[in-house]
Every structure is written in structure tokens, then in C-alpha cells.
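Q: predicted model follows, preceded by the sequence.
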Amino acid sequence: MSNSVTVDTKPYEGQKPGTSGLRKKVKVFIQENYTENFIQCILDVNKTSLIGSTLVVGGDGRYLVKEVVDKIIKISAANGVSKLIVGQNGILSTPAVSYIIRKYKTLGGIVLTASHNPGGADEDFGIKFNCSNGGPASDATTDAIYKLTTSIKQYKIVPDLNCAIDKIDVHTFKVDQRQFTVEVIDAVEDYVSYMKEIFDFPKIKALIQGTEQRKPFNVLIDAMNGVTGPYVKRIFLEELGCSEKNVRRIVPLEDFGGAHPDPNLTYAADLVEAVKEGDYDFGAAFDGDGDRNMILGRDAFFVTPSDSLAVLADNLECIPYFARGGVRGLARSMPTAAAVDRVAAARALPLFEVPTGWKYFGNLMDAGQLSLCGEESFGTGSDHVREKDGLWAALAWLSLLAHSGRSVQEMLQAHWKQFGRNYFTRYDYENCTSESCEEMMSVLERTMTSPGFVGSAHSAGGKEYVVKLADNFSYVDPIDQSVAKRQGLRIIFEDGSRIVFRLSGTGSSGATVRVYVDSYEAVSVGGAAADALGPLVSIALDISRLKQYTGRDEPTVIT
Ligand code: VG1
Ligand code: CO
């Protein structure tokens, strides 16, 4: 029998969740009561439903996850939560949390991750709340959490409640006359059995292992020392019969081995090299919390996430989940290239364009209007859960490849031939000073909205583009009519090409500017993105005077 106590505390500034949860340096989270405050505010937002409720708790294995799981257990017990479902050792991928919330119909879940941001004592940590649909909390909910953090005076905790999370087990406690249960679950079991319902595993296995007619299909799967390691091990080594040479970095590490666990051409450059040099037909990598994916073909042929979404959209029927349930609508985030729009048009499917961040897809999925969606930032997913899902994307691609008998590159070439190609690139300028970036954005917005900008012509590299529309993107949710304003500056030209500017909402300090460029070619589909987009990139840098404001000649990352 334990009792809760009430601890006095003071608000901390800046506990405002960004694009996906609250992300700060570990040093910020370990300040006295900083983490406790935020957890209490998450619970307080759910105040009326807490008694008798169940929450899911898990994280990506980064530094501080176990300590924070311990705090969540003690604070939840004190606040009347009945049960926590916790991943063994605090490990659960973000898509797995989403699935477990849905499967066990819990009130929600708390995800401990800073996703693709580096980990370790000097790096980043993060906390995110997901609701009963399994998806990230809406803006209204995160705003309400933030508001509570600005006036919090006390939190409740059961200091002497200690619960081991290293073994699969059910622990029950008596707290303040109530029963409190912590169920420690296998981190991968539920998720893997779900993947086996969604996909045809024997068919993927036959592809990978080869048949009498077809030689084995050699894959290289990189977990980047993030949370997907144990999932990759179970799925690829145990279920699909791959060997050790088909997987890399499958042990989750608190600092991701010092790497930046972001699957793109810059931060996963060594996977790109390995696929190029080895005899591999397919490469995939995932980020720290397992919701992002990068797909490569033979010789490290790179599939842009925007193209990946479009190709999947055009071939979903070969996946049992969609063969059974059909495909309702398609969606992408605003900065994502419009390749999927053409598939939607060809298939007479509704197409939604939402702001950046997976939380904006959830309502459409819950309303049964959306089946597949994606973001240019290496996020792809479907209504099987309410988060993007890296492993799902790799399995979806393998399903398409098994079904078509084509290589990754052939899939893309056939797609471009049929639909034309949206060349896309994103330039990131990381860790700039916040003030100058904000100034750049407001000056740019003024320029873009001043008279004469629409209709003006801009040229570079022998090409001329005339502005058709310029605005700060605003979104009205079709289901609940909630409005998300100021979601990115976009300039759309007469030929459909686009330039978009945003400030990142996932950094832990400073500012990151993202410049997105998308241009459509109906016939000339075989070129290099850098050549096709060069003129638009220089126009973007010119109009925004980016070099002047950021002091940067080159971006940190180009994708
Ligand atoms: C970035 C991406 C966005 C993604 C978000 C969370 O946000 O651009 O598309 O949804 O990260 O992904 P921002 O605000 O930094 O541009 V993850 O894998 O970090 O949860
Ligand atoms: Co992530």
C-alpha cells in the first residue's frame, strides 16, 4: 500500500509542443520538476477521464527514456490512472504505440522520443501525447497542455512506488485505496502480428529468398541504432528468413551510436554507400522512433518520399489490407510534391492537402475518408495506425516489388512514364539564429503579399516563372472545421511549380529554415533533380534573401 503526495512546483517557460511533441535538450528535461510538470499537465488535460483509465507508455530507447518511464509510472499512479501498458525496457516504436492504443482501446499514450534528433546526455529528448485514436494530440489539446504548464503549482506523485520494467510481467499495487497495474509487454509482439495481417508475409519471403525461376532479392535494412532494431530482427531475421548480412545497426543505443538517426541521403550516407557497393536490390532505413523511412533500389537508386507515396498509391491493391478494405482517399502534407495528386485524379479518389505534421491526417482517417498519406520528410503511412510507419513502408514496397516482379527503379520509371514526374528537393538550414530567421520570414511574407507580386516574373538559369499565387498556407479541417493558420509561405507559379518556406517545429534550440521546391515535367522525366530544380532554387534564395539572413552559403542537408 502506497500513498500519493503533492509536491509544490513552479511553471517553466517554453513547454510548448511543436510539430510533434515537446523537444528539448536532455539538460532542460533534467531540471528539477521540469519533466514532472509536463507529465502532470498531460494528465490534467485528461482529468475527467483519468480514473479507471489505461495509458500506453514507451519510447525510442534514447538517453533518459527509462528514468522518465519511472516518473510517468509514479505520477500516473498518484493521479488515479488504473493501468499502464509499458514496453519492455521502455521500448516501443511510435507506430507500435499507436497500434497498441487502438488495439487495447486505451485513453491514449505517452511517447518518449525526439524522433530523428540525435540522442545522448548532451542531445535531445522529447515527450508526446497521443489520444485514444492512436494519433498525436490535436493542436487544441497541445495548446491546452501548454496553457496548463504556464500556471502549474503542484503535481502528484507516489515516490516509493518502484516498478521493474525489464521483464515481461504484470505488477499490481495498491495506491490511495485504489488498484494500480503496470503491465510490461513485449515491445514487438502486437505490432508484428498486425503486420502479418496487413501484408502477405509468405509472398515477401518468397521474393527475398528467391524461387526456382527468380534469384534471391537481396535487402539491406538499417535500423540506425534506433527503436526499430528489435522489430527488424523479428520481422526480417525471424519471419522473412534474412541473414545478418541483410540488417545493420539493429541494437537500440541511447545515443544512436553518435549518429543522427534520420534516414536521408546525408545522415544515412553509409547505408547509401553499402547499398551501392554491395550486391543489394533494396535498401531501407528508419529514424530513431521508427516512423520515418528511406527507400533505395539497386545501386542506391533513391526514391523521394513524395514519389514513394505516389507509387504506393497507384499499387495498393496488391496488399491484402487494401484488397480487403479498399482505398478511400489519399493525402499529403502541403510541402510534399504533388505526385500523388495525379494518382488521385487518375483513380478518381479524394485528395487532401494538410499542414506539416501527422496529427492533421487523423481526423480524415477516423472519418473513413483517408487510406494512404505521406510527407516529403520521409513519412509514409496508412489508416492501419494513426502515425507514420517506417517498417510498414518498407514492407509495402517489398509487397509491390514481389507483386510486380520489377526493380525499384523500374517501378519509378514506369510511374513517371505514365504520370510525368514531380522533381522535388528540400534545403535545410539547421541551427540558425531564431531572430534573423523570423525576420526573414516576415519580410518575405510582406514581399509576397505586396501588390504586383502575383503576376511578377522571375528568371534564373534561362527559365522564367510567373507567380500565380502567394500566401501563408491555412487549413480548415474538413471534419471538425478547426483552423490551422500560418503553416508555411508558398509561392505557386503559372506552370504549377512551387516554392515553400517554413521554419521547423521539431528543433530543440535555434531555428531551422526549410525551403521546398517542386516542379512538374510531363515528358522530360529522366534527368537529375538538382538540374531540373536549379533555377527555382536560385529564385527561392533570391526572393527570400536567405543567405543574407542566415549567413549560410550552403544548406546543412539537401534531400
Ligand atoms: C518535421 C517534418 C514533418 C514531420 C515532423 C515530425 O517537422 O518536416 O514533416 O511530421 O518533423 O517527424 P518540422 O516542423 O521540423 O519541419 V518525426 O519523425 O520528427 O516525429
Ligand atoms: Co520520427
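A: That came through fine. Ligands and ions are numbered 1, 2, ... in the order given.

Q: what helices or strands is the helix or strand residue 517 falls within leaning on?
A: Using DSSP states H and E, residue 517 falls within strand 511-521. The contact analysis (3 or more Cβ pairs under 8 Å, 6 or more residues apart in numbering; DSSP states H and E) places strand 511-521 against strand 421-432, helix 434-449, strand 498-503, helix 529-544, helix 546-550. All C-beta atoms are positioned from the backbone trio N, CA, C, and that covers glycine.

Q: could you rerun that using 6 Å?
A: When contacts are defined as 3 or more Cβ pairs under 6 Å, 6 or more residues apart in numbering; DSSP states H and E, strand 511-521 sits against strand 421-432, helix 434-449, strand 498-503, helix 529-544.

Q: got the ones you listed as JSON lines, with mean neighbour count and distance to residue 139 columns?
A: Below are these laid out as JSON lines (neighbours: other Cβ atoms under 10 Å; distance: least, Cβ to Cβ, whole Å):
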{"stretch": "strand 421-432", "mean neighbour count": "22", "distance to residue 139": "23"}
{"stretch": "helix 434-449", "mean neighbour count": "15", "distance to residue 139": "20"}
{"stretch": "strand 498-503", "mean neighbour count": "23", "distance to residue 139": "16"}
{"stretch": "helix 529-544", "mean neighbour count": "18", "distance to residue 139": "26"}
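
Q: which of the ones you listed sits closest to residue 273?
A: helix 529-544 (19.3 Å; Cβ to Cβ).

Q: CA atoms of the closest one as PDB?
A: Output of helix 529-544 as PDB, limited to C-alpha atoms (Å, rounded to 0.1, in the frame of the first residue of the first chain):
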ATOM      1  CA  ALA A 529      16.600  16.700 -59.700                       C
ATOM      2  CA  ALA A 530      19.400  19.100 -59.000                       C
ATOM      3  CA  ASP A 531      19.500  20.200 -62.700                       C
ATOM      4  CA  ALA A 532      15.700  20.400 -63.100                       C
ATOM      5  CA  LEU A 533      15.300  22.400 -59.900                       C
ATOM      6  CA  GLY A 534      18.500  24.600 -60.100                       C
ATOM      7  CA  PRO A 535      16.700  27.700 -61.500                       C
ATOM      8  CA  LEU A 536      13.800  27.500 -58.900                       C
ATOM      9  CA  VAL A 537      16.300  27.100 -56.100                       C
ATOM     10  CA  SER A 538      18.100  30.200 -57.000                       C
ATOM     11  CA  ILE A 539      14.900  32.100 -57.400                       C
ATOM     12  CA  ALA A 540      13.900  30.900 -53.900                       C
ATOM     13  CA  LEU A 541      17.200  32.100 -52.400                       C
ATOM     14  CA  ASP A 542      16.900  35.400 -54.200                       C
ATOM     15  CA  ILE A 543      13.400  36.200 -53.200                       C
ATOM     16  CA  SER A 544      13.900  35.400 -49.600                       C
END
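
Q: got the angle for it vs helix 434-449?
A: 90 degrees (axes from the mean of the first three to the mean of the last three Cα atoms, to 10 degrees).

Q: returning to that earlier point: export the helices and strands packed on strand 511-521 to a markdown table and tack on distance to ligand 2 and mean pLDDT?
A: Formatted as a markdown table, the helices and strands packed on strand 511-521 follow (distance: least, Cβ to the ion, whole Å; pLDDT from 0 to 100):
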| stretch | distance to ligand 2 | mean pLDDT |
| --- | --- | --- |
| strand 421-432 | 15 | 93 |
| helix 434-449 | 23 | 93 |
| strand 498-503 | 17 | 96 |
| helix 529-544 | 24 | 90 |
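
Q: turn these into JSON lines, columns for distance to residue 231.
A: What follows is these, written out as JSON lines (distance: least, Cβ to Cβ, whole Å):
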{"stretch": "strand 421-432", "distance to residue 231": "27"}
{"stretch": "helix 434-449", "distance to residue 231": "36"}
{"stretch": "strand 498-503", "distance to residue 231": "31"}
{"stretch": "helix 529-544", "distance to residue 231": "31"}
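
Q: how about those, which one is nearest residue 128?
A: Nearest of the helices and strands packed on strand 511-521 to residue 128, taken as Cβ to Cβ: strand 498-503 at 19.5 Å.

Q: partner strands of the strand holding residue 517 and their direction?
A: As defined by DSSP bridges, the strand partners of strand 511-521 come to strand 421-432 (antiparallel), strand 498-503 (antiparallel).

Q: setting the sequence-adjacent residues aside, check what's closest to residue 403.
A: Excluding the flanking residues, the one nearest residue 403 by Cβ to Cβ, 6 or more residues apart in numbering is residue 318, at 3.8 Å.

Q: after the helix or strand hosting residue 471 comes which helix or strand?
A: For residue 471, the element it lies in under DSSP H and E is strand 463-472. Per DSSP H and E, the first helix or strand lying C-terminal to strand 463-472 is strand 475-476.

Q: contacting residues around that next one?
A: When contacts are defined by Cβ atoms under 6 Å, 6 or more residues apart in numbering, strand 475-476 is touched by residues 354, 355, 483, 484.

Q: now, of those residues, which are buried?
A: Buried members of the contacts of strand 475-476, scored by 16 or more other Cβ atoms under 10 Å, are 354, 355, 484.

Q: okay, those in TSV with secondary structure next?
A: Shown next, in TSV, are the buried ones among the contacts of strand 475-476 (DSSP: H, G, I helix; E, B strand; the rest coil):
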residue	secondary structure
354	strand
355	coil
484	strand
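
Q: follow-up on the earlier one: TSV for the helices and strands packed on strand 511-521, including distance to ligand 1?
A: Shown next, in TSV, are those (distance: least, Cβ to the nearest ligand atom, whole Å):
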stretch	distance to ligand 1
strand 421-432	8
helix 434-449	13
strand 498-503	6
helix 529-544	16
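
Q: quick one, phi/psi of residue 416?
A: phi -60, psi -40 (degrees, to the nearest 10).

Q: burial measure for it, as a count.
A: 21 (other Cβ atoms under 10 Å).

Q: before we move on, back to that, which one of the helices and strands packed on strand 511-521 lies nearest to residue 414?
A: It is, among the helices and strands packed on strand 511-521 and with distance given as Cβ to Cβ, strand 421-432, at 11.7 Å.

Q: contacts for that closest one?
A: Residues contacting strand 421-432 (Cβ under 6 Å, 6+ apart): 304, 306, 337-339, 510-521, 525, 529, 532-533, 550, 552, 555-559.

Q: tell me which residue of the stretch 1-150 of the chain lies closest to ligand 2.
A: Of all residues in the stretch 1-150 of the chain, the one sitting closest to ligand 2 is residue 115 (3.2 Å; Cβ to the ion).

Q: grab the nearest non-local neighbour of that residue.
A: Nearest residue to residue 115 in three dimensions, chain neighbours excluded: residue 289, at 4.9 Å (Cβ to Cβ, 6+ apart).

Q: these two touch, right, that neighbour and residue 114?
A: No: Residue 289 is beyond contact range of residue 114, at 8.2 Å (criterion: Cβ atoms under 6 Å).

Q: who has more neighbours, these two?
A: When residue 289 and residue 114 are compared for neighbours, residue 289 comes out ahead with 35 against 31, by other Cβ under 10 Å.

Q: and the pLDDT at the closest residue in space to residue 354 that isn't next to it in sequence?
A: In space, and not counting its chain neighbours, residue 354 is closest to residue 360: 3.7 Å by Cβ to Cβ, 6+ apart. pLDDT, residue 360: 94.

Q: residue 360: neighbouring residues, count only.
A: Residues near residue 360, counting by other Cβ under 10 Å: 26.

Q: quick one, phi psi at the closest residue to residue 278 other than its chain neighbours?
A: Counting by Cβ to Cβ, 6+ apart, residue 278 lies nearest to residue 220, which is 6.7 Å off, once chain neighbours are set aside. Dihedral pair for residue 220: phi -130, psi 110, per degrees, to the nearest 10.
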